[in-house]
Structure formats: C-alpha cells, structure tokens
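Visitor: Quick one, fold the following:
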Amino acid sequence: VLPLLGLVVLVTLIIALSRARLAVVLALSVVGFALAAVYALIGAPDVALVAVVVETMLTLVFLAALARLPDHGPDRDRRAPVRVRSRRRDAMAGVVAGLAVFVTVWGFLSQPASTTVASDHIRLTPAAHGGDVVTVIVADFRGLDTLVEITVLLAAVVGVVALLGRGRPW
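Guide: Model (predicted):
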C-alpha cells in the first residue's frame with residue numbers, strides 16, 4: 001500500500017508542475033488506478049472494480065474532450081511569460097494539498113475496524129432466499145447501492161457516446 005500511496009503523491013506533484021494537457025490527464029488516470037489498487041489491497045474489491053471502470057471511463061471522456069479543445073485559449077498568448085512566483089505558489093499549494101490528503105487517507109486506513117457485518121450477512125443469507133452470500137449481499141443487502149452504481153456507469157457510457165457522436169447519442 002505504501003508504494004502505491006507514494007506513487008499517488010509523486011503523480012500529484014507531476015500534475016501540479018505539468019503544463020501539458022495530455023500529461024495531466026494520463027497522470028490523473030494513474031492516480032485513479034493506483035487508488036483502485038489500494039482499495040483492492042485493503043479488502044474492498046467491489047470498490048476497486050467500480051473505481052477501475054469509472055477511472056477508465058473518465059480517462060476516455062477527458063481524452064475525447066481534449067481532442068475537441070483548441071491548442072491554446074483565445075485570450076492567452078503562448079509566448080507571454082509565466083510568473084515564477086505564481087508557479088511556485090501553485091506548486092506549494094499542490095504539495096500541501098497532496099500531503100493533507102495523504103495524511104487523511106493514511107489515518108483512516110490505519111484504524112482497525114471496530115466491528116464487522118460479515119457474520120450478520122452470513123447468518124441472514126438463508127432468510128434472503130439466496131444461493132450464496134455474495135449474491136445476497138450484492139442483490140439484496142446492497143441492492144440500492146448496486147442500482148446506483150449501474151446508473152452511474154450507464155450515464156458515463158451515454159456521455160462518452162454523446163461526446164464521440166458530436167452530441168447525437170445514437
């Protein structure tokens with residue numbers, strides 16, 4: 001977990017210092033996939049799977065949006081000098097924000113779980129008329145959560161299709 005969280009911090013610094021749009025999009029996807037791996041390692045494979053799917057879709061959406069953007073903004077001259085002072089301030093703000101997120105995540109991941117619901121799920125599986133515990137958890141105990149996840153994925157797919165079809169969803 002530590003190397004993956006270290007990778008997240010490193011890529012966050014790259015995002016803060018990078019000026020290339022494509023590099024920022026790819027670095028953001030690295031952060032998302034690294035955090036999905038962290039979820040998988042700490043015992044949340046369902047969250048990791050959803051994170052991978054959502055991260056893949058967001059990367060495709062960002063790449064499609066980048067393909068439609070002009071190379072530079074209409075009101076900004078690319079030859080104009082960028083103030084070094086504001087770049088340093090932005091880099092420091094990125095470092096402070098990244099460290100704050102790292103400390104927060106590390107603090108939450110370091111606390112042991114006080115109680116688990118696994119024994120309750122196993123005990124209540126026959127009452128839910130399911131064949132196995134996993135199916136009962138996904139379809140019955142967490143049915144509304146699963147429905148919302150499917151709805152989010154469907155909305156992402158429709159958004160990508162609309163972007164690729166230039167506003168025509170079908």
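Visitor: which regions of the chain sit below the pLDDT cut-off?
Guide: Scanning the chain for pLDDT under 70 picks out 71-84, 113-114, 166-170.
Visitor: OK, contacts around the residue most central in space within the chain?
Guide: The residue lying closest to the centre of the chain (C-alpha atoms, centre = their mean) is G32, at 4.1 Å. By C-beta atoms under 8 Å, 6 or more residues apart in numbering, G32 lies in contact with 51, 54-55, 58-59. Where C-beta positions appear, they are placed from N, C-alpha and C, glycine not excepted.
Visitor: and if you look at L164?
Guide: With C-beta under 8 Å, 6+ apart, L164 has these contacts: A64.
Visitor: From V61, how far off is it?
Guide: Distance of L164 to V61, given as C-beta to C-beta, to the nearest Å: 10 Å.
Visitor: what comes up buried for the lengthiest helix in the chain?
Guide: For the chain, the longest helix by residue count, based on DSSP state H, is helix 84-110. For helix 84-110, a neighbour-count test (16 or more other C-beta atoms under 10 Å) marks 94, 98 as buried.
Visitor: for stretch 10-28, same thing?
Guide: 11-12, 15-16, 24-28.
Visitor: Give the next helix or strand downstream of the helix or strand hosting the residue nearest to the centre of the chain.
Guide: Assessed by DSSP states H and E, G32 sits inside helix 21-41. As assigned by DSSP H and E, the chain's next helix or strand after helix 21-41 is helix 45-68.
Visitor: That next one: which residues count as buried?
Guide: Here helix 45-68 shows 46-48, 50-55, 57-63 as buried, counting by 16+ other C-beta under 10 Å.
Visitor: nearest to G143, of these?
Guide: Using C-beta to C-beta, D46 comes nearest to G143 of these, at 13.3 Å.
Visitor: show me what contacts that closest one?
Guide: Counted by C-beta under 8 Å, 6+ apart, D46 has contacts V138.
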